[in-house]
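A.B. asks: could you work out the structure for the sequence below:
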Amino acid sequence: MRWWKNKSIFIISLSLLITILVWSQIGMYLAHVLLGTNLEKNLFTLCLSLFDENISIQFIISMFLNVLIAYTILMTLIKIRHQYFLLRRFKKKISQMVDTDLTKLLNRKFHRYKSDILVIQDHQLLAFTIGFRKSNIVLSTGLIEILEEYELNAVIEHETSHQKNNDSLKIFTLQLISQTIWFIPLTKWAYQNYKIISELLADQYAIHKTGSEAALGSALLKLIKHHFNRKPSPVLAHFSDESVNYRLKQLVNPHQAIPIKLKTTSIMASVHIMLLMTVMILVTMS
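C.D. replies: Sure thing, here's the model as predicted:
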């Protein structure tokens with residue numbers, strides 16, 4: 001569990017470092033273009049300076065950089081706005097579906113003193129954590145009907161781990177970075193692999209709390225048997241998602257290392273871009 005925890009910290013730190021490097025370069029370029037600040041050694045302005053003698057090529061490079069920067073800024077704002085309104089609509093819909101009696105019963109049965117479990121009337125098999133600041137665990141009546149109490153407890157402990165780690169916020173942040181800074185392959189790798197690792201950590205937490213892999217494994221197999229599906233929604237931390245195969249392997253053999261592969265070309269491309277940006281920042285600030 002400690003190894004996965006360290007891996008998750010590394011992935012988040014790497015993605016945030018890339019983001020800081022890229023946005024600092026964008027900021028310096030905009031300061032140079034809009035305010036006339038002399039930042040000749042900024043990465044973008046350096047690219048333009050290489051073509052000073054060829055006006056046509058310089059114009060093309062300038063247009064490319066402007067489009068790339070405009071796209072990054074615009075997509076970041078659009079994605080944040082889209083997530084905000086989607087989450088609001090989703091919460092409103094959930095509030096209209098809440099089964100008050102079952103919600104009170106489950107919070108009392110599983111000793112949830114903060115009453116953070118919400119039970120909704122839905123035949124779909126749903127279990128997820130929603131919210132960035134104050135998150136809640138949402139369970140559907142369809143899920144509760146097919147699970148035994150010990151299995152339901154394992155699912156709740158799994159989602160509790162997502163709550164404690166603020167996984168909904170972290171996953172959304174990594175998704176946002178991977179979609180807006182798409183030109184650095186490591187951002188997509190970080191997003192995809194954090195989703196897997198967060199699920200493995202949540203499974204380990206549930207196993208630790210329940211004392212056995214049996215309840216969690218049984219719940220997962222039931223969800224697979226009943227064809228777990230979900231409609232489009234905001235970024236949530238789901239009990240069952242595309243990482244289920246990794247999780248079943250880990251439950252069967254906890255000591256088996258799960259390879260998280262990345263192509264060498266992607267690593268090299270990302271490392272070269274990050275190193276170049278880092279050098280430009282240091283030179284600019286010196």
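A.B. asks: so where do the helices sit in the stretch 1-150 of the chain?
C.D. replies: 2-35, 43-49, 55-97, 100-109, 141-146, 149-164 (DSSP state H, counting those that start in this stretch).
A.B. asks: relative orientation of the longest one and helix 2-35 in degrees?
C.D. replies: Pointing back at helix 55-97 there. Between helix 55-97 and helix 2-35, the angle formed by their directions is 130 degrees, by axes from the mean of the first three to the mean of the last three CA atoms, to 10 degrees.
A.B. asks: show the average pLDDT along helix 55-97.
C.D. replies: In this model, helix 55-97 has an average pLDDT of 84.
A.B. asks: for it, name the packing helices and strands.
C.D. replies: On a contact count with 3 or more CB pairs under 8 Å, 6 or more residues apart in numbering; DSSP states H and E, helix 55-97 meets helix 2-35, helix 43-49, strand 117-120, strand 127-130, helix 167-180. All C-beta atoms are positioned from the backbone trio N, CA, C, and that covers glycine.
A.B. asks: let's see that with 6 Å instead.
C.D. replies: With contacts taken as 3 or more CB pairs under 6 Å, 6 or more residues apart in numbering; DSSP states H and E, helix 55-97 sits against helix 43-49, helix 167-180.
A.B. asks: picking up where we left off before, nearest to residue 225, out of the helices of the stretch 1-150 of the chain?
C.D. replies: Distance to residue 225, taken as CB to CB, is lowest for helix 141-146 among the helices of the stretch 1-150 of the chain, at 8.9 Å.
A.B. asks: ranking the helices of the stretch 1-150 of the chain by burial, who's on top?
C.D. replies: When you average the neighbours per residue for each of these (mean count of other CB atoms under 10 Å), helix 149-164 leads with a mean of 21.
A.B. asks: now that helix - C-alpha only, CSV.
C.D. replies: The C-alpha coordinates for helix 149-164 follow below in CSV (Å, rounded to 0.1, in the frame of the first residue of the first chain):
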residue,chain,number,x,y,z
GLU,A,149,-24.3,-6.2,4.2
TYR,A,150,-20.6,-7.2,4.4
GLU,A,151,-20.1,-6.5,0.7
LEU,A,152,-21.9,-3.1,1.0
ASN,A,153,-19.6,-2.3,3.9
ALA,A,154,-16.5,-3.0,1.7
VAL,A,155,-17.9,-0.7,-1.0
ILE,A,156,-18.5,2.1,1.5
GLU,A,157,-15.0,1.7,2.9
HIS,A,158,-13.6,1.8,-0.6
GLU,A,159,-15.5,5.1,-1.3
THR,A,160,-14.3,6.4,2.1
SER,A,161,-10.8,6.2,0.9
HIS,A,162,-11.7,8.3,-2.1
GLN,A,163,-13.2,10.9,0.3
LYS,A,164,-10.1,11.0,2.5
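A.B. asks: residue 125 contacts residue 142, correct?
C.D. replies: Yes - using CB atoms under 6 Å, residue 125 makes contact with residue 142 at a distance of 5.3 Å.
A.B. asks: now the helices of the stretch 1-150 of the chain as JSON lines including distance to residue 189?
C.D. replies: Converted to JSON lines, the helices of the stretch 1-150 of the chain look like this (distance: least, CB to CB, whole Å):
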{"stretch": "helix 2-35", "distance to residue 189": "8"}
{"stretch": "helix 43-49", "distance to residue 189": "22"}
{"stretch": "helix 55-97", "distance to residue 189": "19"}
{"stretch": "helix 100-109", "distance to residue 189": "38"}
{"stretch": "helix 141-146", "distance to residue 189": "32"}
{"stretch": "helix 149-164", "distance to residue 189": "21"}
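A.B. asks: and these: which comes nearest residue 185?
C.D. replies: helix 2-35 (10.3 Å).
A.B. asks: which secondary structure elements does the closest one contact?
C.D. replies: Partner elements for helix 2-35 (3+ CB pairs under 6 Å, 6+ apart): helix 43-49, helix 167-180, helix 185-210, helix 264-285.
A.B. asks: please identify which of those is closest to residue 113.
C.D. replies: helix 185-210 (15.7 Å).
A.B. asks: so for the closest one, mean pLDDT?
C.D. replies: Mean per-residue pLDDT for helix 185-210: 89.
A.B. asks: distance between it and the chain's centre?
C.D. replies: 10 Å (CA atoms, centre = their mean, to the nearest Å).
A.B. asks: rank the helices and strands packed on helix 55-97 by pLDDT, which is bottom?
C.D. replies: Out of these, helix 43-49 stands lowest, with a mean of 59 (criterion: mean pLDDT).
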